[in-house]
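>>> coordinates for the following, if possible.
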Amino acid sequence: MKKQTSILALLPVLFGFFVMGFCDIVGISSDYAREAFNWSHTMAGFVPSMVFIWFLFFSIPVGIKMNAWGRKNTVMLSMLVTLVGMCIPLLQTAWACLVGYALLGIGNAILQVSLNPLLNNVVTDQKLLTSSLTAGQVVKAVSSFCGPFIMLFAVNVLGGGDKGNWYLAFPVLGCITLISALWLWFTPIQHEVSETSDVNMRKVWGLLSDKTIFLLFLGIFFVVGIDVATNFISSKVMISRFGWDTQDAGIAPQIYFICRTIGAFLGVFIMTKVSEMTYFRVNILTCIVAILVLAFYEQPIVDLFCIGAIGFLCSCIFPIIYSMAVQRMPNKANLISGLMITAVAGGGAVTPLIGAATDVAGITAGVCVLLLCAFYLTFCAFGVKASK
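Residues are numbered from 1 along each chain as shown. Below you'll find the model as predicted:
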């Protein structure tokens, strides 16, 4: 298929990554929810699970159905689910907020499966795929960085300074989602050539029989785990160690996301000069050092620096691993996307462990859970070869 690349077609697709970043608001919002509903750290740790667990159940079926629906139509469906989910927390109950988180996760799962492949429809030069994916991660990181600001806007402007009105952040996200959906809907994008429709769940999971795909699948699991977990625990480190209140502690995830944004932006250019695997290896080894310092050195400036360093160093790992998987089986891009995005459920698997470790042994034990993710990514960086 001859692809027609146009900046007018690329922009609304990239803006879709802004909506994709909404799932990261669970980090700062879990602090407000814990105070509002008097939850323990363990219970708060399940808030990200309510968002990310749905990647496990929806990613592959959506990857299969996307062959019939089309990538753009599937993205539009994700926007609709997200929009509905952002209205439900207005009921102002614990269960309504959990349902809102769940629909945010379902919409995000559908979006991540469909939006990454949709870039193929507007990017002509496939050599630029990794850079395009990384550019999308820059937009997603900007969205994640804006999350705490949106929360503060909801509390201080829409809610009159009452922290109990934190839930007003959700309809703000809904309005942005609506803008993104309308922009994409009215943008003509050439339809992709459909892949084989003779696929089912067994065949998709069967892709894991390829050792490289299996190892990359786990790589996505752990890189998302470390991303969501750092976002989740960053503010809690400042609250637990230094007695900061919830609003002041919001600076920690902001630093994390701005450093992740800078890292993703610079990565677009660095990876045109340095090989992806070299960049991956250097970053993950340095990240382990940052996690160790964060775990065992208690000083506010140093801890904030380490939180930012983790964001910077891990910012490009997801697109590197995802690109490796797609390039391994380019003729099965939709199915590989569904399979890889299933591994995003790792973001919901790690945070309950951090919450439980924090309740049992303190915040340092919670930080140490991050090392488990980083150790596997180190193995992935040095032990996985993606060439066909």
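>>> okay, CA-based contacts and neighbour counts for the rest of this
OK.
>>> quick check: residue 82 vs residue 22, distance?
Residue 82 sits 10 Å away from residue 22, taking CA to CA, to the nearest Å as the criterion.
>>> so for those two, which sits in the more crowded spot?
Neighbours were counted for residue 82 and for residue 22 using other CA atoms under 10 Å; residue 82 has more, 29 against 24.
>>> excluding its backbone neighbours, what's nearest residue 352?
Nearest residue to residue 352, sequence neighbours excluded (CA to CA, 6 or more residues apart in numbering): residue 45, at 4.4 Å.
>>> element containing the one you found, please.
Residue 45 belongs to helix 41-52 when assigned by DSSP states H and E.
>>> name the residues of that helix that come out as buried.
41, 42, 44, 45, 46, 47, 48, 49, 50, 51, 52 (16 or more other CA atoms under 10 Å).
>>> who touches residue 240 in this structure?
Contacts for residue 240 were tallied using CA atoms under 8 Å, 6 or more residues apart in numbering; they are residue 363.
>>> what bits of the stretch 1-150 of the chain have low per-residue confidence?
Applying pLDDT under 70 to the stretch 1-150 of the chain picks out residues 1-6, 124-131.
>>> so which residues of it form helices?
Secondary structure of the stretch 1-150 of the chain (DSSP state H, counting those that start in this stretch): helices located at 7-20, 26-37, 41-52, 54-69, 71-85, 94-122, 129-153.
>>> angle of the first one against helix 94-122?
Here helix 7-20 points in a direction 160 degrees away from that of helix 94-122 (axes from the mean of the first three to the mean of the last three CA atoms, to 10 degrees).
>>> then the second one?
Counting by the same axes, to 10 degrees, helix 26-37 lies at 170 degrees to helix 94-122.
>>> convert the C-alpha atoms of helix 26-37 to PDB, please.
Extracted C-alpha coordinates of helix 26-37, given in PDB (Å, rounded to 0.1, in the frame of the first residue of the first chain):
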ATOM      1  CA  VAL A  26      -3.700   7.400  38.800                       C
ATOM      2  CA  GLY A  27      -0.400   8.200  40.600                       C
ATOM      3  CA  ILE A  28      -1.300  11.600  42.000                       C
ATOM      4  CA  SER A  29      -5.100  10.900  42.100                       C
ATOM      5  CA  SER A  30      -4.600   7.800  44.300                       C
ATOM      6  CA  ASP A  31      -3.200  10.100  47.000                       C
ATOM      7  CA  TYR A  32      -6.400  12.200  46.900                       C
ATOM      8  CA  ALA A  33      -8.600   9.100  46.700                       C
ATOM      9  CA  ARG A  34      -6.800   7.500  49.700                       C
ATOM     10  CA  GLU A  35      -7.500  10.600  51.800                       C
ATOM     11  CA  ALA A  36     -11.100  11.000  50.500                       C
ATOM     12  CA  PHE A  37     -12.100   7.400  51.200                       C
END
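>>> who touches it?
Here helix 26-37 makes contact (CA under 8 Å, 6+ apart) with 39-41, 44-45, 47-48, 51, 94, 147-148, 151, 163-164, 166, 228, 231-233, 235-236, 246, 250, 253.
>>> before we move on, the earlier item: tell me the helices and strands packed up against the helix holding residue 45.
On a contact count with 3 or more CA pairs under 8 Å, 6 or more residues apart in numbering; DSSP states H and E, helix 41-52 meets helix 26-37, helix 94-122, helix 346-361.
>>> take these and write them to CSV, including distance to residue 298.
Converted to CSV, the helices and strands packed on helix 41-52 look like this (distance: least, CA to CA, whole Å):
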stretch, distance to residue 298
helix 26-37, 21
helix 94-122, 32
helix 346-361, 16
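>>> and the ones you listed: which comes nearest residue 375?
Smallest distance to residue 375 across the helices and strands packed on helix 41-52 (CA to CA): 14.0 Å, for helix 346-361.
>>> for the very next helix or strand once past that closest one, the averaged confidence score.
Downstream of helix 346-361, the first helix or strand assigned by DSSP H and E is helix 363-383. Averaged across helix 363-383, the pLDDT comes to 91.
>>> buried set for helix 363-383?
363-371, 373-378, 380-381.
>>> what kind of secondary structure is residue 190 in?
Put simply, residue 190 is coil when judged by DSSP: H, G, I helix; E, B strand; the rest coil.
>>> circling back to that earlier point, give the residues shared as contacts by residue 82 and residue 22.
With CA under 8 Å, 6+ apart as the test, residue 82 and residue 22 both reach residue 104.
>>> next SSE after the biggest helix by length in the chain?
In the chain, taking DSSP state H as the definition, the longest helix is helix 211-242. Using DSSP H and E, the helix or strand that directly follows helix 211-242 along the chain is helix 246-249.
>>> going by neighbour count, list what's buried in that next one.
246, 247, 249.
>>> can you check stretch 253-268 too?
253-268.
>>> repeat for stretch 291-304
For stretch 291-304, by 16+ other CA under 10 Å, it's 291, 292, 293, 294, 295, 303, 304.
>>> select, out of the helices of the stretch 1-150 of the chain, the one closest to residue 337.
With respect to residue 337, and counting by CA to CA, the nearest of the helices of the stretch 1-150 of the chain is helix 94-122 at 5.6 Å.
>>> the closest residue to residue 200 other than its chain neighbours: neighbour count?
Of all residues not flanking residue 200 in the chain, residue 64 sits nearest, at 7.0 Å (CA to CA, 6+ apart). As a burial measure, residue 64 scores 23 neighbours (other CA under 10 Å).
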